[in-house]
Each structure stands twice: as structure tokens, then as C-alpha cells.
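S.K.: Turn this into a model:
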Amino acid sequence: MIFNLQQLKRDCTKPEIKVYELLRRTKVLSRKFEDPEFKEWIEKELNGYGKDVNVPDYRIIKGEPKGWNPYRGWIPWVIDNSSKQKKLSQRGINQSIGELEQLV
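M.R.: Reported below is the predicted structural model:
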């Protein structure tokens, strides 16, 4: 199947088409462009980011570390060191888009 930009735009509005498939189609179309940064980004999204690669900001999730107290339920950890707090409360997501879609 040959993809064009107009078809890709239409497909983006269809909820039954997965993001992984849209990225694959975009990769096919990107061969027409000479943008190595864009091609590298698509490859990383499709295949996952390596362990030593910094992920984009939109792939960083944040949370609050908590522990179970049998009398009070879940309670937040109190950490006085801000760099340790940051390290424990956020994480980059390295998995490929396909893996993330399966998890969802």
C-alpha cells in the first residue's frame, strides 16, 4: 500500500488505527525528506530508547513514592535530599510505542 500525507492525516483521526501503525506509515513517508533528526526520533519511538539514551520530556512519568502503613494505609516517603527525591519520583519510559500500546 502506498501512503501519502493526506491519507496519513485522515488516519490520524481514526481511533481504530494504533499509534504504532501511524508511526510506521510516517516512517515510510519520511524517506522522501532529508531530516536525520526526524528519522532518528521515529526509529526510537518504534524500537524503543536505549537504556543509556535520554528520553524526551513527554516520556518522563512522575509519581510519589509511598509505603504501606497497616494503621494509616499508603503514606508518602519523607526524603530530605531533593536529588534523591527526584530520582525516586520520576522515571523515563524507554519501551517502544508498540509495547506501550500492548500494556494499555
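
S.K.: what's near enough to touch Ile42?
M.R.: Residues in contact with Ile42 (Cβ atoms under 8 Å, 6 or more residues apart in numbering) are Leu23, Thr26, Lys27, Ser30. For every residue, glycine as well, the C-beta is placed using N, CA and C.

S.K.: An error on my part: the question was meant for Gly63.
M.R.: Contacts of Gly63 (Cβ under 8 Å, 6+ apart): Ser89, Gln90.

S.K.: Looking at it now. What's its pLDDT?
M.R.: pLDDT recorded at Gly63 is 93.

S.K.: Going along the chain, name the helices of the chain.
M.R.: 5-12, 19-30, 36-47, 82-89, 97-103 (DSSP state H).

S.K.: mind checking how far the last one is from the chain centre?
M.R.: The gap between the average C-alpha position of helix 97-103 and the chain average comes to 9 Å, counting by Cα atoms, centre = their mean, to the nearest Å.

S.K.: Kindly report the same for stretch 52-72.
M.R.: Centre to centre, stretch against its chain (Cα atoms, centre = their mean), the figure for stretch 52-72 is 15 Å.

S.K.: where does the chain dip in pLDDT?
M.R.: Within the chain, the segments meeting pLDDT under 70 span 1-3.

S.K.: which residue is nearest the middle of this protein?
M.R.: Arg59 (4.3 Å; Cα atoms, centre = their mean).
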